[in-house]
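In: model the following, please.
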Amino acid sequence: MIIAVIDWSLRNRFLVLLATLALTLWGVYAVQKTPVDAIPDLSDVQVIIKTSFPGQAPQVVEDQVTYPLTTTLLAVPGATTVRGYSFFGDSFIYVLFKDGTDPYWARSRVLEYINQAQSRLPQGITPTLGPDATGVGWVYEYALVDRSNQHDLSQLRSLQDWFIKFELQRLPGVAEVATVGGMVKQYQVEVDPLKLLTYGITLPQVEAAIRRANSETGGSVIEMGGAEYMVRSKGYLRSIADLRQIPLSVSASGTPIQLADIANIQLGPELRRGVAELDGQGEVVGGIVVMRHGSNAQETIARIKEKLAALKSGLPAGVEIIETYDRSALINRAVANLKEKLLEESLVVALVCLVFLFHLRSALVAIISLPVGILTAFAIMHQQGINANIMSLGGIAIAIGAMVDAAIVMIENMHKHLERARAAAASQLDYHLDHWAPDYWAITRTAAQEVGPALFFSLLIITVSFLPVFTLEAQEGRLFAPLAYTKTYAMAAAAGLAVTLVPVLMGYLIRGRILPEHKNPLNRLLIALYQPLIDAVLRFRILTVIIALLLLATIIYPLQRIGSEFMPALDEGDLLYMPITLPSISIGEAARIL
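Out: Residues are numbered from 1 along each chain as shown. Below is the predicted model of the structure:
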């Protein structure tokens, strides 16, 4: 069958080259469209539910929020684990799903069950879903700094929350822009208990009065002059003066009792639950951009940088946006590594062909088929939805060394056939061999069909060698599956090209003066060194096998002593200091440690 494929390819050379061109264009398109990231996504399919219960202790949050939600979410279809965490004023629940679950299907199922549990929660408490992101979605960080000291932390926080955050969230691929550090400005009403007792007013009455005052009331419409006019009563609070004038009650003498009579009203910071510090120069306001699930990290980061550059002109005088983390540097290094290995492999192939065959055009056969095989792997990756990362690109890098084996063997075999044909012609012709014109296509067919089937099946054996990797599950499978897939695709493409494109390229390129092997001094030296060795091991066959078994037995001791680690360490080249402290640490002490 393989012989027939080689014969068909040589008879239909134009179709093979046309198909190669189409495959190359498809691969180039896939390279441009394939999402690029630094590391594979090892996180489970999960949905995070956050529920705020302001001012309540963790035990109260656990009993009234976390427990009702977790017991309801246990019945979500496809959920494998439900984890609940209760903090001061906040509840977090993580629902993990089986591998292969569509994340948006999981989010819709979680929403359905949250609606069922809503009646069991305290009044006014509404759970919210976390962003549709994964554990590797943290792709970019920045900090707002005012070196002129014209703006305090509250003003920088307002700038982040009400300007920069909204501009970045509208970008494609951005799931969330989280703010860390700074001060959130709030109106604070400090009630005097003695005055409450004096006027006979309760705290719930004060809360209800503020709530009523900070609202609008809509009426109906009135018709005048053939037009309708809406009737409404404005009541939104706009300043501290508005808060002071909120009526609470009326004294026995008929004097209105206002909020200013029983409380001190002021602007102040909200209770902080986080702090950010930059380069030992003091506190700053930071932003963390989280990428949406399945997005292209490199493109998303490029959009973020472009938007931040455009927003700088709208910042107040003295305020700067400083980049503190950018994963695109790691992504670019990973991609550059593949390009470097591809270039190195091409140079090595060209050097080997030049040194051993003394024929530069022969090297082009392997050099041309190598990127075509890689582009084919990228095309299949794109169709399957595998993004380009360290592991998937590593699979291609591993395969590069074996992908050119078949081409090199075929090239060398054709050289031998040309050498034999020339020797046969020299014995038959009585005129100078410079006028000899061999039938290159016939020689190509014979040389390719002689070794093609063996080379094809040897590459297939290498291709299926990674099949056990596909049996890995969970994090192990998510880590190594991209590598196994891309290596398999690259080797399968190399096997196909070896019996289709490579024979055609040999027929076109391996022509002209071919130096016989015995005239190459390097070949003569290597054969002289190898010949005695092969004669010796064939003469002492049993001793050779015993020595090989003894060498194999020497690995037992190091195997018992060598350490092992499943998850490889990855040094991104960035430092993010996040100290571990006691859970009860105060925000002031955390800032002091930073």
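In: relative to Leu526, how far out is Asp132?
Out: Distance of Asp132 to Leu526, computed by C-beta to C-beta, to the nearest Å: 60 Å. C-betas here are computed from N, CA, C, even on glycine.
In: give me the more crowded residue out of those two.
Out: Asp132 (18 against 12; other C-beta atoms under 10 Å).
In: got the contact list for that one?
Out: 103-104, 107, 175, 292-293 (C-beta atoms under 8 Å, 6 or more residues apart in numbering).
In: which helix runs longest in this protein?
Out: Ranked by residue count, the top helix of the chain under DSSP state H comes out as helix 328-357.
In: other SSEs contacting that helix?
Out: Secondary structure elements in contact with helix 328-357, counted by 3 or more C-beta pairs under 8 Å, 6 or more residues apart in numbering; DSSP states H and E, are helix 297-311, helix 360-384, helix 390-403, helix 405-428, helix 521-539.
In: and the next helix or strand after the first one, what does it pack against?
Out: Right, the one you point to is helix 297-311. Downstream of helix 297-311, the next assigned helix or strand under DSSP states H and E is strand 319-326. Where contact means 3+ C-beta pairs under 8 Å, 6+ apart, strand 319-326 is packed against strand 138-146, helix 297-311.
In: so for the first one, what's the average pLDDT?
Out: Yep, that's strand 138-146 we're talking about. Mean per-residue pLDDT for strand 138-146: 91.
In: ditto for the last one
Out: Per-residue pLDDT values over helix 297-311 give a mean of 91.
In: so what angle separates the directions of it and strand 138-146?
Out: Taking axes from the mean of the first three to the mean of the last three C-alpha atoms, to 10 degrees, one finds helix 297-311 and strand 138-146 inclined to each other by 20 degrees.
In: send me helix 297-311 as PDB with only the CA atoms.
Out: Taking Å, rounded to 0.1, in the frame of the first residue of the first chain, the C-alpha atoms of helix 297-311 are listed here in PDB:
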ATOM      1  CA  ALA A 297      -3.900  35.400  26.400                       C
ATOM      2  CA  GLN A 298      -1.400  37.100  24.100                       C
ATOM      3  CA  GLU A 299      -4.100  39.000  22.200                       C
ATOM      4  CA  THR A 300      -5.900  39.900  25.400                       C
ATOM      5  CA  ILE A 301      -2.800  41.300  27.000                       C
ATOM      6  CA  ALA A 302      -2.100  43.300  23.800                       C
ATOM      7  CA  ARG A 303      -5.500  44.900  24.000                       C
ATOM      8  CA  ILE A 304      -5.000  45.700  27.700                       C
ATOM      9  CA  LYS A 305      -1.700  47.500  27.000                       C
ATOM     10  CA  GLU A 306      -3.200  49.400  24.100                       C
ATOM     11  CA  LYS A 307      -6.200  50.500  26.100                       C
ATOM     12  CA  LEU A 308      -4.100  51.600  29.100                       C
ATOM     13  CA  ALA A 309      -1.800  53.600  26.800                       C
ATOM     14  CA  ALA A 310      -4.900  55.300  25.400                       C
ATOM     15  CA  LEU A 311      -6.300  56.000  29.000                       C
END
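In: name the helices or strands packed onto it?
Out: Partner elements for helix 297-311 (3+ C-beta pairs under 8 Å, 6+ apart): strand 138-146, helix 165-169, strand 174-180, strand 285-291, strand 319-326, helix 328-357.
In: helix 360-384 and the last one, what's the angle between them?
Out: The directions of helix 328-357 and helix 360-384 differ by 150 degrees, with the same axes, to 10 degrees as the criterion.
In: quick revisit: redo the helices and strands packed on strand 319-326 as JSON lines? Include mean neighbour count.
Out: Below are the helices and strands packed on strand 319-326 laid out as JSON lines (neighbours: other C-beta atoms under 10 Å):
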{"stretch": "strand 138-146", "mean neighbour count": "22"}
{"stretch": "helix 297-311", "mean neighbour count": "17"}
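In: how about JSON lines for those, with distance to Glu323 added?
Out: What follows is those, written out as JSON lines (distance: least, C-beta to C-beta, whole Å):
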{"stretch": "strand 138-146", "distance to Glu323": "6"}
{"stretch": "helix 297-311", "distance to Glu323": "8"}
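In: compare these and give me the one nearest Glu589.
Out: strand 138-146 (21.8 Å; C-beta to C-beta).
In: return the list of strands paired to the closest one, each annotated with direction.
Out: Partner strands and pairing direction for strand 138-146 (DSSP bridges) are strand 285-291 (antiparallel), strand 319-326 (antiparallel).
In: for these, which one ends up most surrounded?
Out: Across the strands paired with strand 138-146, the average number of neighbours (mean count of other C-beta atoms under 10 Å) peaks for strand 285-291, which reaches a mean of 24.
In: neighbouring contacts of it?
Out: Contacts of strand 285-291 (C-beta under 8 Å, 6+ apart): 131, 133, 137-144, 153, 156-157, 159-160, 164-165, 168, 173-182, 276, 278, 297, 300, 304, 324.
In: please apply the same query to stretch 256-276.
Out: Taking C-beta under 8 Å, 6+ apart as the rule, stretch 256-276 contacts 143, 154, 180-192, 195-196, 199, 201, 206, 209-210, 240, 243-251, 283-286, 587, 590-591, 594.
In: need the buried ones from those selected in PyMOL.
Out: In PyMOL, a selection of the buried entries from the contacts of stretch 256-276 looks like this (16 or more other C-beta atoms under 10 Å):
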select buried, resi 143+154+180+181+182+183+185+189+191+196+201+206+209+210+243+246+248+249+283+284+285+286+594
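In: among the contacts of stretch 256-276, which are located in strands?
Out: Taking DSSP state E as the definition of strands, those contribute 143, 180, 185-191, 247-250, 285-286.
In: next, count neighbours for Ser586.
Out: 10.
In: tell me how far it lies from Arg272.
Out: From Ser586 to Arg272 the distance is 10 Å (C-beta to C-beta).
In: got it, and Tyr29?
Out: Taking C-beta to C-beta, one finds Tyr29 at 49 Å from Arg272.
In: residues making contact with stretch 550-569?
Out: Residues from elsewhere that reach stretch 550-569, judged by C-beta under 8 Å, 6+ apart: 475-476, 479.
In: tell me how many other residues crowd Ser346.
Out: 19.
In: for Asp405, same thing?
Out: 16.
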